[in-house]
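*Asks:* Based on what follows, work out the 3D shape:
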Amino acid sequence: MSTPHNAAQKGDIAKTVLMPGDPLRAKYIAETYLEDVKCFNTVRNMFGYTGKYKGKEISVMGGGMGMPSVGIYSYELYSFYDVENIIRIGSAGAYSDDINVRDLVIGMGACTNSNWARQYNLPGTFAPIADYDLLRKAVDIAEGKGIKVRVGNVLSSDTFYDADSTCNDRWKKMGVMCVEMEAAALYMNAAYLGKKALCMLTISDHIYKNEELSAEERQTSFHEMMEVALELA
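*Replies:* Numbers count the residues shown, from 1 in each chain. You can find the predicted model right below:
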């Protein structure tokens, strides 16, 4: 059974999917870390692969940019392909003064300026959070590898170029560590569908320190995050 966005058939995709935003990063992970790799999707160039890491079946698939995109792909993986766990492995821009480029951050919670939760018609404000078991195991794996990891609140923003030049200052004041564009929708899809999700981020730039990685470095240099995610899967 395929969908308008995914050519895979039932059984082509593992129970756990690593989901970078960039489909070329998905291709890089599959070619670098997985064995016996098979490509299950090329629709819209959103590459998806299934292979084995240390004998365990794992899939990796791009999720695109923004909550509408990751929302579609994660919903279909959870609902139509029996996926149980999605681990977002992405990049983020840091707010916190004590976080630096290339640091590993895990989103325990995901603030958002999106209206994604409105579809659920809840009688209040929903707090999108990670699955605790995945979060705890990821921290244990990172610490076991000697990798420093920061855990806390991140921001999932609908806007990359925001007309309000003061918004970053206000999120920073509330202790939000960094900004990305997908985690909140992923966490809400997982909650709604009774599945598990985690967002792991490598800091690609710092909003207040004028530091950033190149596009090529973002694609290929996030090895610590990738290895933690692969062990977690």
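
*Asks:* looking at it, Lys56 is touching Ala233, isn't it?
*Replies:* Yes: Lys56 is within contact range of Ala233, at 7.0 Å (criterion: C-beta atoms under 8 Å). C-beta coordinates here come from the backbone N, C-alpha and C atoms, glycine included.

*Asks:* more neighbours, the two?
*Replies:* Shown here are Lys56 and Ala233; by other C-beta atoms under 10 Å, Ala233 has more neighbours (20 against 13).

*Asks:* ok, the more buried one - contacts?
*Replies:* Residues near Ala233 by C-beta atoms under 8 Å, 6 or more residues apart in numbering: 14, 16, 18, 53, 56, 58, 85, 87.

*Asks:* how close does it sit to Leu213?
*Replies:* 24 Å (C-beta to C-beta, to the nearest Å).

*Asks:* What residue in this protein is the furthest from its centre?
*Replies:* The centre of the chain is farthest from one residue, Pro123, which by C-alpha atoms, centre = their mean lies 27.7 Å away.

*Asks:* Just confirm that one is within a strand.
*Replies:* No: assigned with DSSP: H, G, I helix; E, B strand; the rest coil, Pro123 falls outside any strand and is coil.

*Asks:* Low-confidence stretches in the chain?
*Replies:* Applying pLDDT under 70 to the chain flags the ranges 218-221.

*Asks:* which residues in it form helices?
*Replies:* 23-33, 67-80, 132-144, 167-173, 183-193, 215-220, 223-232 (DSSP state H).

*Asks:* C-alpha coordinates for the second one, CSV please?
*Replies:* Listed next in CSV are the C-alpha coordinates belonging to helix 67-80 (Å, rounded to 0.1, in the frame of the first residue of the first chain):
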residue,chain,number,x,y,z
MET,A,67,5.6,21.2,10.4
PRO,A,68,3.3,20.6,7.5
SER,A,69,5.9,18.5,5.8
VAL,A,70,7.1,16.4,8.8
GLY,A,71,3.4,16.2,9.8
ILE,A,72,2.5,14.4,6.6
TYR,A,73,5.4,12.0,6.5
SER,A,74,5.2,11.1,10.2
TYR,A,75,1.4,10.7,10.2
GLU,A,76,1.7,8.3,7.2
LEU,A,77,4.6,6.3,8.8
TYR,A,78,2.7,5.9,12.0
SER,A,79,-0.8,5.3,10.5
PHE,A,80,-0.1,3.3,7.4
